[in-house]
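Undergrad: quick one, what's the 3D model for this:
(one chain, ligands or ions: 1)
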Amino acid sequence: MRASQKDFESALRQVKLWKKDPGNEVKLKLYALYKQATEGPCNLPKPGMMDLVNKAKWDAWSALGSLPKETARENYVDLVSSLSAASEPPSPAKPAADGEQAGGDLVVTSENHITTITFNRPAKKNAITTQMYRDIMLALQAASKDDSVLTVLTGNGDYYCSGNDLTNFTDIPPGGPEEKARTNAVLLREFVDYFIDFPKPLVAVVNGPAVGISVTILGLFDLVYASDRATFHTPFSPLGLSPEGCSSYTFPKMMGPSKAAEMLIFGRKLTAQEACAQGLVTEVFPDSTLQKEVWTRLRAYTKLPPNAVRTSREVMRSKGRERLHAVNAEECEALRQRWLSEECASAVLRFMSRKAKL
Ligand SMILES: CCCCC/C=C/C(=O)SCCNC(=O)CCNC(=O)[C@H](O)C(C)(C)COP(=O)(O)OP(=O)(O)OC[C@H]1O[C@@H](n2cnc3c(N)ncnc32)[C@H](O)[C@@H]1OP(=O)(O)O
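TA: So this is what the prediction gives:
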């Protein structure tokens, strides 16, 4: 059935009532269809390379080519109706009380003296949004004070985490790309500082592939248990970026400068076994037994005298902390500059335009 002008207007009103931001990809699709339905094919000049937001919008609209206005209107109505029919999104993450589970892109649970922070965005391979960085910091703050002995990070679905959400870069504030780069650098520095200063043992249960920042911060963890399906990938150079999470210091220290260079400069992806041989991973488990074996082991660790555990960790960690803060500051400044580079803009655009196809 063809959508009438009335259906189209009703869909426009419906979008305004949505409580949750549908995400940049959906917004781009809606934008493109709206423009096509109301103005026809895009004949605006192509925005400049650094104007990420307008460039992404232009790409999405242009990709519709000569799609007739009526079809665009119909596709808009269909898209809105399919999204509105989808189940209501869960509430945002919050630090949980004992045993409580919060929904959202991050799930925090606390049980048997273990606080678990789960990346819960499986449809996006658990890419970390700006809100998730903030929620992880809140969860770590709460976990540092609760009665848990261990804090675990893990992922829901087939991925552990695909790193920073690359669409983070498209939301340019009034201060322009410079302000965006500055606020990202502040956020990143604060985020990594939380891991450097965290007072209890940090454990990663790497259930699948890990990319970018989810790999680099592993150098700040005490234990990294990985599925044999997991891979470890830091594709910074292809993205026009440079290493973060103190990996420019922890990785060479852990695996030697040459192996670290292969990963951090040349983006070589490691298998779980290779990452274990390099000291990044503590132990690799068959995917089918990972959960059972790891959680049994972790529960046993929580029975150890907690003050002895904390003291041992503190004496192991305290000496390097100041250095790590300095490394973090240096890496964030390098990244602030990288985010303003054409190399980075092109890489993000490549990813975005792949996504803007309708
Ligand atoms: C402010 C602090 C900054 C901190 C600095 C951090 C730096 C980093 O972390 S750099 C690393 C950034 N991550 C990446 O470059 C990974 C990008 N993603 C991919 O290369 C691929 O998606 C993949 C290899 C992770 C998975 O490929 P595939 O199995 O083919 O699945 P899809 O590509 O179809 O992905 C499914 C779905 O998920 C979305 N998605 C995946 N990763 C990201 C991401 N990092 N950011 C945003 N979105 C991501 C992807 O767009 C697909 O979405 P739909 O098309 O809507 O299904």
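Undergrad: in the protein, which residue sits nearest the ligand?
TA: Residue nearest to the ligand within the chain (Cβ to the nearest ligand atom): residue 212, separated by 2.2 Å. Any C-beta I mention is one placed from the backbone N, CA and C, and that applies to glycine too.
Undergrad: which residues of the stretch 151-300 of the chain fall in strands?
TA: 202-206, 210-211, 223-227, 231-233, 270-271, 283-285 (DSSP state E, counting those that start in this stretch).
Undergrad: tilt between the third one and strand 202-206?
TA: Taking axes from the mean of the first three to the mean of the last three Cα atoms, to 10 degrees, one finds that strand 223-227 is oriented at 10 degrees with respect to strand 202-206.
Undergrad: picking that back up, which of the strands of the stretch 151-300 of the chain sits most buried?
TA: Stretch with highest mean neighbour count among the strands of the stretch 151-300 of the chain: strand 210-211 (a mean of 27; mean count of other Cβ atoms under 10 Å).
Undergrad: show me what that one is packed up against.
TA: strand 231-233 (3 or more Cβ pairs under 8 Å, 6 or more residues apart in numbering; DSSP states H and E).
Undergrad: contacts for the strand it packs on next, please.
TA: 209-212, 215, 218, 263, 267, 269-272, 274-275, 280-281 (Cβ atoms under 8 Å, 6 or more residues apart in numbering).
Undergrad: just want the most central residue of the chain.
TA: residue 128 (1.8 Å; Cα atoms, centre = their mean).
Undergrad: tell me the confidence at that residue?
TA: On the pLDDT scale, residue 128 is placed at 98.
Undergrad: so who does it touch?
TA: 119, 136, 161, 163-165, 213-214.
Undergrad: those into TSV, with extra columns for distance to residue 5?
TA: As requested, the contacts of residue 128 are exported to TSV (distance: Cβ to Cβ, whole Å):
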residue	distance to residue 5
119	43
136	45
161	44
163	43
164	41
165	36
213	46
214	47
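Undergrad: and which of those residues is nearest to residue 16?
TA: The shortest approach to residue 16 among these belongs to residue 165, at 24.5 Å (Cβ to Cβ).
Undergrad: near the ligand, which residues of the protein show up?
TA: Contacts of the chain with the ligand, taken as Cβ under 6 Å from any ligand atom, map to 25, 124-125, 127, 162-168, 184, 187-188, 211-213, 235, 239, 241, 244, 355.
Undergrad: now do 8 Å
TA: Taking Cβ under 8 Å from any ligand atom, the part of the chain that reaches the ligand is made up of 23, 25, 123-125, 127-128, 130, 133, 159, 162-168, 184-185, 187-188, 191, 209, 211-214, 216, 233-236, 239, 241, 244, 335, 351, 354-355.
Undergrad: can you flag the buried ones in those residues?
TA: Using 16 or more other Cβ atoms under 10 Å as the burial test, those include 25, 124-125, 127-128, 133, 159, 162-168, 184-185, 187-188, 191, 209, 211-214, 216, 233-236, 239, 241, 244, 335, 355 as buried.
Undergrad: for residue 260, see how far away the residue found closest to residue 209 once you drop the neighbours it is linked to in the chain is.
TA: Distance criterion Cβ to Cβ, 6 or more residues apart in numbering; nearest residue to residue 209, sequence neighbours excluded, is residue 231 at 4.6 Å. To residue 260, residue 231 is 17 Å away according to Cβ to Cβ, to the nearest Å.
Undergrad: where does the stretch 1-150 of the chain have low pLDDT?
TA: Within the stretch 1-150 of the chain, the segments meeting pLDDT under 70 span 1-2, 19, 49-50, 85-103.
Undergrad: strands along that one, start to end?
TA: For the stretch 1-150 of the chain, the strands defined by DSSP E, counting those that start in this stretch cover 106-111, 114-119, 150-155.
Undergrad: could the ones you listed go into JSON lines alongside distance to residue 76 and mean neighbour count?
TA: Output for the strands of the stretch 1-150 of the chain, formatted as JSON lines (distance: least, Cβ to Cβ, whole Å; neighbours: other Cβ atoms under 10 Å):
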{"stretch": "strand 106-111", "distance to residue 76": "32", "mean neighbour count": "21"}
{"stretch": "strand 114-119", "distance to residue 76": "32", "mean neighbour count": "23"}
{"stretch": "strand 150-155", "distance to residue 76": "34", "mean neighbour count": "24"}
